[in-house]
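Undergrad: Sharing a sequence plus its predicted fold:
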Amino acid sequence: MTKQSVVASDAKLGNGLQAVSLQLLPEESCMEFSSGRNLVNNETEQEKIVSTSVAFMRASSPRRTRPTDSLPETDQDSCWGVDHPWALGMFEKIVSASRGKQIAMFLDYDGTLSPIVVDPDQAFMSEEMREVVKDTARYFPTAIVSGRCKEKVYGFVRLPGLIYAGSHGMDIRAPSKSRNEKGGNKAVSFQPASEFLPTIDEVYKILEERMKAIPGAKVETNKFCLSVHFRCVDEKEWAALAEQVTSVLKEYPELKLTYGRKVLEISPAINWNKGKALEFLLKSLGHANSDDVLPIYIGDDRTDEDAFKVLRDRGQGVGIVVSKVAKETSAAYYLREPSEVMYFLKGLVEWKRSSFRASA
Ligand SMILES: O=P(O)(O)OC[C@H]1O[C@H](O[C@H]2O[C@H](CO)[C@@H](O)[C@H](O)[C@H]2O)[C@H](O)[C@@H](O)[C@@H]1O
């Protein structure tokens, strides 16, 4: 499937959905729609939603994987065009943009710090990556912004000095500018979707039950949102899975459905996402509208695009998408895989250390 053939408008799909974004890309799919009763008013529409969902699920099947064991010297074998340079190749330019500014680092977890694996519970980051992230956080405020719930992503990263924004930014724990009685920074918690917890719990139980009929399907709760994984589901069962998920969501107009890497994501239909979380975190770090910060956001998924857009719209900072294949993105640069993210972070730490040495 080529990029050109799958980028579609909602009119072309004619599916009666309120699609916010309808772009199918070679490796990943992305679509977002409210799943409310109001949108699905007859059986034909329900069927259309199911077939559209299956099309998106199909498009999220990686077709090409070429193992890269070591850091490549150049990006010459990449299919990304000149519009999105390789971040490692532009390293000097990126660090020189930080002159006189504080770098603030924002990192997605799955597919960015850890490689994509079949079992979501086994998505461990390497010790080497953990060390690099730890060093990064020594020099720059560093946040992990993940679709996973905060506790789960902390369980993988296991670094106490970081900021964690779980559930696609709907569960934030960040430092505040005010001090506690011991003189340390107070922590701020922010959970804009807490009123949805009972609904998410209810839908989790229903979906767990329904997915028992679909071999290989896995429902994961991320506290304020749910993931229905179909990586291990036979393609012949995808329509049945989509049918089950959309028929449940029909009863919950307050929830929305989006598509990630072999996963259907269900979350509250509120105006909050990783981009909003990024803005919130910049503010709580004391950089609301200031020009004295260079935010760097690295992520691989559709949900990270909201953060890339915030940086692009602010005309500030650096968005880096992690992907081996070129895709529609608001990020400025790309890296191919987590090992390249690690080299990029190592480079930043080294650069910071050498600038300290030079000024000593
Ligand atoms: O925002 P992220 O930190 O990237 O989280 C997004 C989802 O990541 C996880 O699923 C993805 O990674 C799994 C492990 O490699 C893989 O098996 C799955 O197919 C991917 O979709 C996580 O399990 C989800 O809950 C997150 O929403």
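TA: In hand now; what should we look at?

Undergrad: In the stretch 101-250 of the chain, what residue spans correspond to strands?
TA: For the stretch 101-250 of the chain, the strands defined by DSSP state E, counting those that start in this stretch occupy 102-107, 142-145, 163-166, 171-179, 185-190, 218-221, 226-229.

Undergrad: cool, the stretch 251-360 of the chain as well?
TA: Using DSSP E, counting those that start in this stretch, strands in the stretch 251-360 of the chain cover 255-260, 263-268, 293-299, 318-322, 333-335.

Undergrad: Please name whichever of those is nearest to the ligand.
TA: strand 263-268 (3.7 Å; Cβ to the nearest ligand atom). In this view, the C-beta of every residue, glycine as well, is placed from N, C-alpha and C.

Undergrad: returning to that earlier point: for Val341, which of the strands of the stretch 101-250 of the chain is the nearest?
TA: When the strands of the stretch 101-250 of the chain are compared by Cβ to Cβ, strand 102-107 sits nearest Val341, at 7.7 Å.

Undergrad: Give me the neighbour count for the residue of the stretch 51-200 of the chain found nearest the ligand.
TA: The minimum distance from the stretch 51-200 of the chain to the ligand, using Cβ to the nearest ligand atom, falls at Gly147 (2.7 Å). The tally of other residues near Gly147 (other Cβ atoms under 10 Å) stands at 29.

Undergrad: Mind putting the strands of the stretch 251-360 of the chain into TSV with distance to the ligand, mean pLDDT and mean neighbour count?
TA: Shown next, in TSV, are the strands of the stretch 251-360 of the chain (distance: least, Cβ to the nearest ligand atom, whole Å; pLDDT from 0 to 100; neighbours: other Cβ atoms under 10 Å):
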stretch	distance to the ligand	mean pLDDT	mean neighbour count
strand 255-260	5	94	22
strand 263-268	4	97	23
strand 293-299	7	98	25
strand 318-322	10	98	26
strand 333-335	14	97	24
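
Undergrad: Tell me how many other residues surround Ser354.
TA: Neighbours of Ser354 (other Cβ under 10 Å): 10.

Undergrad: Next, the contact list for it, please.
TA: With contact set as Cβ atoms under 8 Å, 6 or more residues apart in numbering, Ser354 has no partners.

Undergrad: And for Trp238?
TA: Counted by Cβ under 8 Å, 6+ apart, Trp238 has contacts Val54, Met57, Arg58, Phe230.

Undergrad: again, 6 Å this time
TA: Contact analysis of Trp238 by Cβ atoms under 6 Å, 6 or more residues apart in numbering lists Val54, Met57.

Undergrad: Repeat that for Phe224.
TA: Counting by Cβ under 6 Å, 6+ apart, Phe224 touches Ser167, Met170, Asp171, Ala193.

Undergrad: What are the phi and psi values at the last one?
TA: This points to Ala193. phi -120, psi 20 (degrees, to the nearest 10).

Undergrad: Wait, it touches Pro268, no?
TA: Yes: applying Cβ atoms under 6 Å, one finds Ala193 in contact with Pro268, separated by 4.4 Å.

Undergrad: From Arg158, how far off is Ser194?
TA: Ser194 sits 26 Å away from Arg158, going by Cβ to Cβ, to the nearest Å.

Undergrad: The residue of the stretch 51-200 of the chain closest to the ligand - nearest residue in space that isn't next to it in sequence?
TA: His168 (5.0 Å; Cβ to Cβ, 6 or more residues apart in numbering).

Undergrad: how close does Tyr99 sit to Trp351?
TA: That one is not Tyr; residue 99 is Arg. Counting by Cβ to Cβ, the gap from Arg99 to Trp351 is 11 Å.

Undergrad: Over to Tyr139?
TA: Applying Cβ to Cβ to Tyr139 and Trp351 gives a distance of 9 Å.

Undergrad: how about the helix ranked longest in the chain, does it reach the ligand?
TA: In the chain, taking DSSP state H as the definition, the longest helix is helix 338-359. No: shown here: helix 338-359 not in contact with the ligand (Cβ under 6 Å from any ligand atom), separated by at least 10.3 Å.

Undergrad: That helix: which residues count as buried?
TA: 338-349, 351-352 (16 or more other Cβ atoms under 10 Å).

Undergrad: to the chain's geometric centre, what's the distance from it?
TA: The chain centre lies 24 Å from the centre of helix 338-359; the measure is Cα atoms, centre = their mean, to the nearest Å.

Undergrad: by how many degrees do that helix and strand 102-107 diverge?
TA: Angle, helix 338-359 to strand 102-107, by axes from the mean of the first three to the mean of the last three Cα atoms, to 10 degrees: 160 degrees.

Undergrad: got the angle for helix 338-359 vs strand 318-322?
TA: Counting by the same axes, to 10 degrees, helix 338-359 lies at 150 degrees to strand 318-322.
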